[in-house]
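Q: all I have is the shape, not the residue letters:
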Ligand code: AMP
Ligand code: GLY
């Protein structure tokens with residue numbers, strides 16, 4: 001089968017890496033891909049958001065199966081357009097991807113279906129938002145309605161910070177139209193866990209749990225990023241908690257989407273907080289997380305293409321998904337300055353001398369001949385698998401020590417909290 005993966009980050013490198021192990025994948029393409037992905041797939045220079053360009057490419061190649069990984073082409077309806085063109089595609093339709101692309105939508109879905117989450121109110125007028133913040137007081141959380149690369153969230157510990165956040169979203173349009181509407185919600189506490197699940201709209205099968213590290217610096221300091229490192233599974237996610245989540249969150253979410261006429265097929269991402277009153281939803285995403293996917297797929301034993309096809313064909317109940325024992329850890333090496341401004345184009349050295357058991361997923365790299373250069377905020381995801389969390393963390397950091405590029409920044413406390 002000829003398969004196309006849409007996207008070009010570390011997550012897509014991990015997806016291509018897992019698909020490469022499938023004997024049924026003949027030619028593997030990635031659009032646009034990145035420097036590292038060129039090792040295992042043919043990268044084609046089409047942007048993930050170029051819906052017409054991707055559909056045209058898939059039709060003429062021809063491609064038998066397309067996996068759409070990032071949020072924005074999903075929200076733009078790439079899966080819908082591919083299906084119209086007769087091409088099988090993995091990922092939610094636009095009307096279901098809204099669970100990520102609109103927080104106003106997802107919060108209302110949870111409220112109407114009694115799915116546990118933070119209390120909230122949605123606003124489209126600045127004055128009302130400010131009045132609400134003053135009424136509720138701090139700590140309080142301000143979120144832009146739309147997609148903002150995981151950065152449109154401000155956890156404010158005083159009223160002034162919260163008011164400045166709504167002003168920058170609603171007046172200064174820091175996140176463009178994503179901030180025209182805002183959600184203001186209750187501050188929750190507790191460990192955070194991510195659970196991704198495959199669903200075909202009838203069956204929902206959680207993957208192993210994972211934990212992301214969103215802040216740019218050690219001790220969870222500095223601004224939020226797309227994610228600076230992750231490990232899988234999370235020791236906080238016990239079988240008892242998993243059972244509660246299935247009953248109170250996962251199944252109700254799938255059913256609520258069906259009831260709303262927005263059947264969700266693909267990977268649904270549950271960002272959870274294990275609060276003193278039980279697990280609650282922090283956010284939904286309509287796709288694999290990045291970097292969570294890198295450690296998760298490192299532990300997957302089942303053929304990923306088999307799972308993708310079962311989801312698309314609505315027979316997820318017939319497939320047995322197996323995981324290897326142990327823990328996987330991924331350390332993100334980023335460009336100094338990320339998530340704000342940073343320089344690109346620095347040569348990366350040391351990749352060729354890495355021990356064989358360490359896998360480096362490229363996020364933002366470009367390739368010239370056999371040399372790699374930095375080409376994004378998040379550059380590499382250095383990933384190791386071991387029997388225990390501690391051992392996986394140590395081994396992943398061993399890998400980091402081999403790699404050098406100018407202004408490299410990484411956290412030194414991934415998995416060590
Ligand atoms: P989100 O993009 O919605 O996942 O938010 C980014 C991060 O902000 C989360 O991973 C949490 O650490 C934090 N956060 C979001 N919502 C809340 C909340 N209601 N209470 C406390 N922390 C939150
Ligand atoms: N790592 C968080 C995300 O993918 O949204």
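A: Perfect, thanks for sending it. Keep in mind the model is a prediction, meaning the values are calculated, not measured. Ligands and ions are numbered 1, 2, ... in the order given.
Q: following the helix or strand containing residue 332, which helix or strand comes up?
A: Under the criterion of DSSP states H and E, residue 332 resides in strand 327-335. Next helix or strand after strand 327-335 toward the C-terminus (DSSP H and E): strand 347-348.
Q: is the next helix or strand after that following strand in proximity to ligand 2?
A: Next along the chain after strand 347-348, taking DSSP H and E as the criterion, comes strand 359-362. No: using Cβ under 6 Å from any ligand atom, we find that strand 359-362 stays clear of ligand 2, coming within 13.4 Å at best. C-betas here are computed from N, CA, C, even on glycine.
Q: and strand 359-362, what other elements does it pack with?
A: helix 10-20, strand 378-386 (3 or more Cβ pairs under 8 Å, 6 or more residues apart in numbering; DSSP states H and E).
Q: what lies in contact with it?
A: For strand 359-362, the surrounding residues in contact (Cβ atoms under 8 Å, 6 or more residues apart in numbering) are 10-11, 13-14, 17, 34-37, 291, 294, 298, 330, 351, 354, 372, 379-384, 399, 403.
Q: off-centre distance for that strand?
A: With Cα atoms, centre = their mean, to the nearest Å as the basis, strand 359-362 stands 16 Å off its chain's centre.
Q: can you list the strands that the next helix or strand after that strand pairs with?
A: From strand 359-362 onward toward the C-terminus, using DSSP H and E, the following helix or strand is strand 365-368. Sheet partners assigned to strand 365-368 using DSSP bridges are listed as strand 371-374 (antiparallel).
Q: need the residues that contact the strand it pairs with.
A: 35-36, 335, 343-348, 351, 362, 364-367, 405-406.
Q: select only the buried ones of these in PyMOL?
A: To isolate the buried ones among those in PyMOL, judged by 16 or more other Cβ atoms under 10 Å, type:
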select buried, resi 35+36+335+346+348+351+362+364+365+366+367+405
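Q: so for the strand holding residue 332, mean pLDDT?
A: Across strand 327-335, pLDDT averages out at 98.
Q: got the angle for it vs helix 10-20?
A: 130 degrees (axes from the mean of the first three to the mean of the last three Cα atoms, to 10 degrees).
Q: helices and strands around strand 327-335, which ones?
A: Using 3+ Cβ pairs under 8 Å, 6+ apart, strand 327-335 is in contact with strand 229-232, helix 293-298, strand 378-386, helix 389-400, strand 408-409.
Q: is that strand anywhere near ligand 2?
A: No: residues of strand 327-335 are not located near ligand 2 by Cβ under 6 Å from any ligand atom, the shortest gap being 9.8 Å.
Q: what sits against residue 32?
A: 8, 43, 44, 45, 46, 47, 48.
Q: residue 84 and residue 90, how far apart?
A: 16 Å (Cβ to Cβ, to the nearest Å).
Q: more neighbours: which of these two?
A: Using other Cβ atoms under 10 Å, the more surrounded residue of residue 84 and residue 90 is residue 90, with 26 against 10.
Q: give me the most central residue, the chain.
A: residue 289 (1.8 Å; Cα atoms, centre = their mean).
Q: okay, buried residues for the strand holding residue 332 please.
A: Quick answer for strand 327-335 (16+ other Cβ under 10 Å): 327, 328, 329, 330, 331, 332, 333, 334, 335.
Q: what about the closest residue to the last one other than its chain neighbours, neighbour count?
A: Spatial nearest neighbour of residue 335, excluding adjacent residues (Cβ to Cβ, 6 or more residues apart in numbering): residue 342 at 3.9 Å. For residue 342, the number of neighbouring residues by other Cβ under 10 Å comes to 17.
Q: how about residue 342, phi and psi?
A: For residue 342, the backbone dihedrals (degrees, to the nearest 10) come out as phi -150, psi 160.
Q: contact residues of the stretch 201-350 of the chain facing ligand 2?
A: By Cβ under 6 Å from any ligand atom, the part of the stretch 201-350 of the chain that sits against ligand 2 consists of 212, 226, 227, 285, 289, 290, 292.
Q: how about a cut-off of 8 Å?
A: 212, 214, 226-227, 230, 269, 271, 283, 285, 287-292 (Cβ under 8 Å from any ligand atom).
Q: which among the buried residues of strand 327-335 gets closest to ligand 2?
A: Using Cβ to the nearest ligand atom, residue 332 is the member of these that lies nearest ligand 2, at 9.8 Å.
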